[in-house]
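Visitor: need coordinates for the below:
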Amino acid sequence: MPMIDIPYDELPQLLKDNLTAEQWREAQLAVVDDGESVPESTYYLNLKNGQIHQYTAGQTANGPLLPTHALSGGHGRDSRQFHTAPPGAHTV
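Guide: Sure thing, here's the model as predicted:
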């Protein structure tokens, strides 16, 4: 998956409140690009307009989307969500 070319400073405030610039580089791997199918049913943050909407697996992404569970970085204090998966999670 290609990296999303959005400078950290131009990202929605919600993302910057939860992820450091370093964590954003890792989180980009979870971004669903505009026009792609979302891989799971969950809430996604639109990286262009800052709005959060629920998507169903297979639905077409409207803008670059980051699943909101990737925002659990706790103001840069915790990056485990990028390196581990919860029990029973589907991993690639």
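Visitor: next, find the distance separating the residue most central in space within the chain from Q23.
Guide: The chain has L66 as the residue nearest its centroid, 2.3 Å off, counting by Cα atoms, centre = their mean. Distance check for L66 against Q23: by Cβ to Cβ, to the nearest Å, it reads 11 Å. (C-beta placed from N, C-alpha, C; glycine too.)
Visitor: tell me which residues in the helix or strand of the chain with the lowest mean pLDDT are buried?
Guide: Lowest on mean pLDDT, DSSP states H and E among the helices and strands of the chain sits helix 21-27, with a mean of 88. Buried residues in helix 21-27, counted by 16 or more other Cβ atoms under 10 Å: 23-24, 26-27.
Visitor: from those, which two are the most distant?
Guide: Using Cβ to Cβ, the pair of the buried residues of helix 21-27 lying farthest apart is W24 and E26, separated by 7.4 Å.
Visitor: low-confidence ranges in this protein?
Guide: Scanning the chain for pLDDT under 70 picks out 1-3, 73-92.
Visitor: mind redoing it with 50?
Guide: Applying pLDDT under 50 to the chain flags residues 1, 82, 92.
Visitor: sorry, back to before: tell me which element the residue nearest to the centre of the chain falls in.
Guide: Using DSSP states H and E, L66 sits in strand 65-67.
Visitor: and that strand, what does it pack onto?
Guide: In terms of contacts (3 or more Cβ pairs under 8 Å, 6 or more residues apart in numbering; DSSP states H and E), strand 65-67 is packed against strand 42-46.
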